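1. test case, fold it:
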Amino acid sequence: MFEEWLRCAKVTNDPEGDFVYDMRRDPDRPATFTSLKAVRAYVGFKSGYDRLVLASVPGAWRRYKAWRKRR
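-> As a prediction, this is how the structure comes out:
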């Protein structure tokens, strides 16, 4: 489900939008994430993500969870 959200999430001009943009372009990204902890660990592990994108992960995860509830 995360992958589906990522494909349709709006890229906004803020760190959460940067997160969406960067994740879409990341060829090594896992096909899915099941928790906020997993997303944080992945983004923290990858060297291509800056600290603002890492800080935006909780907000992006909230957007994802809200999207899931609407589906």
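
2. hey, let's count contacts and neighbours off CA atoms from now on
-> Noted.

3. contact partners for the closest residue in space to Asp18 that isn't next to it in sequence?
-> Counting by C-alpha to C-alpha, 6 or more residues apart in numbering, Val53 is the residue found nearest to Asp18 once chain neighbours are left out, at 6.4 Å. Residues near Val53 by C-alpha atoms under 8 Å, 6 or more residues apart in numbering: 15-16, 18-19.

4. just give me the longest helix of the protein.
-> Counting residues, the longest helix found in the chain (DSSP state H) is helix 51-70.

5. what comes up buried for that one?
-> Going by neighbour count (16 or more other C-alpha atoms under 10 Å), the buried part of helix 51-70 is 53-58, 60-61, 64.

6. if we can go back for a sec, of the contacts of Val53, which is the most crowded?
-> Comparing these by number of neighbours (other C-alpha atoms under 10 Å), Phe19 comes first, having 25 neighbours.

7. export whichever strand or helix holds that residue to CSV, keeping only CA atoms.
-> Secondary structure assignment for Phe19, by DSSP states H and E: helix 15-25. Presented in CSV, the C-alpha positions along helix 15-25 are these (Å, rounded to 0.1, in the frame of the first residue of the first chain):
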residue,chain,number,x,y,z
PRO,A,15,10.3,18.6,3.3
GLU,A,16,7.5,16.1,3.1
GLY,A,17,7.2,16.8,-0.6
ASP,A,18,10.9,16.3,-0.9
PHE,A,19,10.5,13.0,0.9
VAL,A,20,7.9,11.9,-1.7
TYR,A,21,10.1,13.1,-4.6
ASP,A,22,13.3,11.5,-3.2
MET,A,23,11.6,8.2,-2.4
ARG,A,24,10.1,7.9,-5.9
ARG,A,25,13.5,8.4,-7.5
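
8. much appreciated, bye for now.
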